[in-house]
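A.B. asks: this is a predicted model, with the sequence first.
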Amino acid sequence: LTVERELSEAISGGQLQMHIQPQVDRHGTPVGGEMLMRWTHPERGPISPAIFIPVAEESGMILRLGDWVMEQGCLALLQLQQAGWDIPLSVNVSPKQFRQVDFVEKVKQVLKNTGAPPARLILEVTEGLLIENLQDTIARMVELTKLGIRFSIDDFGTGYSSLAYLKKLPLYELKIDKSFVQDTPDDANDTAIVQSILSMASHLGLRVVAEGVETREQADFLIANGCASMQGFLFFRPMPLDKWLALQKQNS
Ligand code: G
Ligand code: G
Ligand code: MN
Ligand code: NA
């Protein structure tokens, strides 16, 4: 309950911030970005979303956080567009958030209120979403896809769901989890797993983003195996949107 109250204060007290982590293509050119939540507690300092998201998910606070994140994502998308950056932005959606009865309606509403372009919005969902109520999940995804929104499977390969969903869902992208990328190209098993994901995605017509790319060797390996996009500390760390916009201005 304490965390719940603290998170509630965090939202109203401006302690939460959205950062952007740019994604790059094989040439290092930014082609998109993921919005990541950051919480700076007035006394305790920065608290990782890896800690507070699961708590928020457990307590139901994720619904309020999720609404806020979706709105911030749409506002960021608008800001990027206005700065001449017509690139897609990815927003994380937690399973509980997606399963709200009025989720589709809420997304439509925030798009309408902000005027953000739905065709530039990518929603990242995890495999955990796909374990229950698959028919309902498909129906919602189809409805949102009709608006132009695209779907990405985050942390691909770490969940417990079957591969059958890959042909049932209207997907645009897979994100290879950083735990697989981390030990490439040295670890033979991880190398084989990453190559297999890239090959399968290519045959299924899905875009792939590799996450957690930290070394040049990892990037070269991914590029050599046809990975279209990469995200990781080698290229950019998550940063405030303003910082990113200023960087772009400088380089243009
Ligand atoms: O940014 P970082 O790597 O510390 O994030 C840790 C975890 O928190 C990741 O699993 C990430 O997906 C999750 N996360 C970060 N921002 C958000 C968000 O806005 N919404 C949701 N649902 N999860 C987020
Ligand atoms: O689960 P999700 O993919 O949404 O979370 C992305 C998380 O990965 C974010 O918390 C982000 O801060 C983190 N991250 C991004 N790039 C790197 C990286 O190169 N190395 C590591 N270890 N983490 C990264
Ligand atoms: Mn993500
Ligand atoms: Na991930």
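C.D. replies: Yes, it's here. Numbers count the residues shown, from 1 in each chain. Ligands and ions are numbered 1, 2, ... in the order given.
A.B. asks: close to ligand 4: what parts of the stretch 151-252 of the chain are there?
C.D. replies: For the stretch 151-252 of the chain, the contact set with ligand 4 under Cβ under 5 Å from the ion comprises 155, 177, 211. For every residue, glycine as well, the C-beta is placed using N, CA and C.
A.B. asks: excluding chain neighbours, what is closest to the last one?
C.D. replies: It stands for E211. In space, and not counting its chain neighbours, E211 is closest to K178: 4.5 Å by Cβ to Cβ, 6 or more residues apart in numbering.
A.B. asks: count the neighbours of that neighbour for me.
C.D. replies: 17 (other Cβ atoms under 10 Å).
A.B. asks: okay but it is in contact with G212, surely?
C.D. replies: Yes. With contact defined as Cβ atoms under 8 Å, K178 reaches G212; the gap is 2.4 Å.
A.B. asks: extract the CA atoms of stretch 102-122 and return them as PDB.
C.D. replies: Coordinates of each C-alpha in stretch 102-122 appear next as PDB, following Å, rounded to 0.1, in the frame of the first residue of the first chain:
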ATOM      1  CA  ASP A 102     -11.900  -0.200 -22.300                       C
ATOM      2  CA  PHE A 103      -8.300  -0.400 -23.400                       C
ATOM      3  CA  VAL A 104      -9.100   0.100 -27.100                       C
ATOM      4  CA  GLU A 105     -11.400   2.900 -26.400                       C
ATOM      5  CA  LYS A 106      -8.800   4.600 -24.200                       C
ATOM      6  CA  VAL A 107      -6.100   4.400 -26.900                       C
ATOM      7  CA  LYS A 108      -8.500   5.900 -29.400                       C
ATOM      8  CA  GLN A 109      -9.400   8.700 -27.000                       C
ATOM      9  CA  VAL A 110      -5.800   9.600 -26.300                       C
ATOM     10  CA  LEU A 111      -4.900   9.600 -30.000                       C
ATOM     11  CA  LYS A 112      -7.900  11.900 -30.600                       C
ATOM     12  CA  ASN A 113      -7.100  14.200 -27.700                       C
ATOM     13  CA  THR A 114      -3.400  14.500 -28.600                       C
ATOM     14  CA  GLY A 115      -3.700  14.400 -32.400                       C
ATOM     15  CA  ALA A 116      -0.700  11.900 -32.500                       C
ATOM     16  CA  PRO A 117      -0.400   9.900 -35.700                       C
ATOM     17  CA  PRO A 118      -1.500   6.200 -34.900                       C
ATOM     18  CA  ALA A 119       0.600   4.900 -37.900                       C
ATOM     19  CA  ARG A 120       3.700   6.000 -36.000                       C
ATOM     20  CA  LEU A 121       2.800   4.300 -32.700                       C
ATOM     21  CA  ILE A 122       4.100   0.900 -31.900                       C
END
